[in-house]
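S.K.: need a structure here:
(one chain, ligands or ions: 1)
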Amino acid sequence: MSGAVLGYLEVVSAEDSGPVDNRVSINRHEILRIGRNKKECHLLLNDPSISSVHCILWAILFDDDSVPMCYIKDLSLNGTTINGKSLNKNTTYLLEDGDEINLWLTKAKRDKSTVYPLFRFKAIGSDKQKLHLMTQLQLEKDIDCWNISPKVIGNGTFGHVMVCFNMADTQNTRLHQINKKLKNYAVKIIKLKPNKLDKEAKILIQLNHPNIIKVYHTYVDPLNNLYIFQDLVPGGDLFSYLAKGDRLTSISESESLLIVYQILKALEYLHRRGIVHRDLKLDNILLESPEPCTRIILADFGIAKHLTSNVTRMHTVVGTPEYCAPEVGFKANRKIYKSFSRAATIDQQKTGYDHKCDIWSLGVITHIMLTGISPFYGDGTEKSIIQNAKSGTLDFEVKHWQQISRAAKTFVKSVLQVDVTKRLDIDESLKHSWISNHRVQLEEIYRKKILRVTP
Ligand SMILES: Nc1ncnc2c1ncn2[C@@H]1O[C@H](COP(=O)(O)OP(=O)(O)OP(=O)(O)O)[C@@H](O)[C@H]1O
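M.R.: Model (predicted):
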């Protein structure tokens with residue numbers, strides 16, 4: 001296994017289970033699989049009560065300054081326990097230094113004399129360095145039933161995202177079997193400008209969709225820090241998933257299609273309610289786990305807009321140039337922007353733009369997933385990105401498109417139309433042949449693997 005080491009599993013005992021190394025590393029961009037399956041697993045255990053792939057572990061490192069976050073997910077028939085408490089199937093748990101992971105053997109074998117596979121998790125890095133962030137920003141540690149830990153998940157331009165726990169969970173034994181810290185949540189903390197209400201929290205709190213970040217509670221402290229308590233999405237973001245070394249790589253057409261389908265479902269939900277995300281990009285698409293066929297979740301509604309019957313178009317230039325539709329009106333000349341804060345900047349446009357700006361961004365994301373190429377990136381300067389997006393020229397002749405179906409190419413072409421009237425809207429996108437020809441299979445996978453609905 002290659003890649004930076006972000007954590008370790010120490011083998012405490014595995015007597016009945018064939019030879020294993022004493023210490024196994026958890027590496028960046030790699031999933032560590034434990035089980036009986038010789039082809040798939042890095043750590044092999046032979047006992048029949050161990051599932052083919054019993055559990056998987058991975059680590060997420062947001063940036064080089066953050067502490068790695070290591071997760072374990074149980075996939076077994078007989079179960080996995082952490083510190084003596086059982087982890088529900090398909091549940092993911094954020095590991096802490098010293099956590100003991102136990103793989104159950106059959107009931108008959110589970111007596112005192114039996115040695116069963118036991119591992120201890122060894123973390124790399126310390127949270128102590130991050131404690132200063134909480135004191136520096138004078139953040140509150142306990143808010144209602146929420147307890148904020150110093151573990152930083154990620155840092156954005158506008159806020160910090162940290163791990164937190166809901167103390168009410170401890171009372172609900174049906175929900176969480178392990179211990180009071182089984183279910184992790186995330187809290188995004190943003191410094192608000194005085195007397196400014198935060199639209200992100202207002203929009204998010206009303207939303208309830210499997211592919212949109214679930215927000216439970218919001219709170220503003222006396223120092224005007226806004227706390228948005230939400231689900232922790234453990235698989236990292238789509239940018240990190242596609243990034244290998246210093247470049248982006250493509251993923252298979254079928255994997256891309258399932259991700260596009262989920263983004264379309266989320267956009268259908270948002271656009272029907274008059275909400276435009278306005279900042280769709282790889283970094284704002286989170287993964288439930290860093291593997292194919294996983295649930296994706298839209299996050300960062302920091303510049304989302306709620307359109308109403310009175311306000312049907314937007315005029316503020318916001319977003320990220322690389323993913324931004326040409327009609328939004330980014331200008332190559334930075335000096336004309338008044339400020340580049342939360343909702344920046346100029347407004348000279350008469351016509352404005354509407355929800356179709358999200359469809360353009362989806363087109364850029366789809367292009368990157370299918371080919372590993374950002375379509376309008378040019379030489380990487382803001383000027384060339386904006387110029388290229390305005391011309392909207394796409395090159396399907398390059399070798400990266402050779403294995404891709406015609407339907408996928410026409411989809412990308414139809415959503416990356418510079419002329420907004422020719423660009424598909426959300427309903428038309430869902431009816432495009434690339435989606436509609438696979439809709440039955442997509443819906444089946446969506447129900448079984450994404451929503452895990454049992455028949
Ligand atoms: N609920 C979550 N679960 C897991 N990771 C998250 C969650 N929310 C955010 N993150 C991580 O934290 C990073 C920063 O969060 P976010 O993008 O919301 O902040 P921001 O300040 O609005 O960022 P930006 O600079 O992109 O506007 C994200 O890229 C993501 O990796």
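S.K.: Could you count how many residues lie near residue 92?
M.R.: 21 (other C-beta atoms under 10 Å). In this view, the C-beta of every residue, glycine as well, is placed from N, C-alpha and C.
S.K.: same deal with residue 355?
M.R.: By other C-beta under 10 Å, the burial measure for residue 355, its neighbour count, is 22.
S.K.: residue contacts, it?
M.R.: 271, 276, 307, 425-426 (C-beta atoms under 8 Å, 6 or more residues apart in numbering).
S.K.: I'd assumed residue 215 was in contact with residue 207.
M.R.: Yes: if you go by C-beta atoms under 8 Å, residue 207 and residue 215 touch, sitting 7.3 Å apart.
S.K.: gap between residue 427 and residue 305?
M.R.: According to C-beta to C-beta, to the nearest Å, residue 427 and residue 305 sit 20 Å apart.
S.K.: Show me which of the two is the more surrounded one.
M.R.: residue 305 (22 against 11).
S.K.: Now residue 280: closest residue in space that isn't a chain neighbour?
M.R.: Residue nearest to residue 280 in three dimensions, not counting chain neighbours: residue 361, with 3.7 Å by C-beta to C-beta, 6 or more residues apart in numbering.
S.K.: Just after the least confident helix or strand in the chain by mean pLDDT, pick out the following helix or strand.
M.R.: Lowest on mean pLDDT, DSSP states H and E among the helices and strands of the chain sits helix 128-136, with a mean of 66. Sequence-wise, the next helix or strand downstream of helix 128-136 (DSSP states H and E) is strand 142-143.
S.K.: Tally up the residues packed near the residue lying closest to residue 320 once chain neighbours are set aside, please.
M.R.: Residue nearest to residue 320 in three dimensions, not counting chain neighbours: residue 281, with 5.4 Å by C-beta to C-beta, 6+ apart. Counted with other C-beta under 10 Å, residues neighbouring residue 281 total 20.
S.K.: give the contact list for residue 281.
M.R.: Residue 281 sits in contact with 239, 320, 322-323, 361, 364-365, where contact means C-beta under 8 Å, 6+ apart.
S.K.: give me phi/psi at the residue lying closest to residue 83 once chain neighbours are set aside?
M.R.: Nearest non-adjacent residue to residue 83, counting by C-beta to C-beta, 6+ apart: residue 100, 5.4 Å away. Torsion angles at residue 100 (phi, psi; degrees, to the nearest 10) stand at phi -100, psi 130.
S.K.: What number of residues are in the vicinity of residue 100?
M.R.: With other C-beta under 10 Å as criterion, residue 100 counts 14.
S.K.: repeat for residue 247
M.R.: Quick note: residue 247 (other C-beta under 10 Å) scores 9 neighbours.
S.K.: Verify the contact between it and residue 371 for me.
M.R.: No: judged on C-beta under 8 Å, residue 247 makes no contact with residue 371 at a distance of 11.9 Å.
S.K.: Just the buried ones out of the contacts of residue 281, please.
M.R.: 320, 322-323, 361, 364-365 (16 or more other C-beta atoms under 10 Å).
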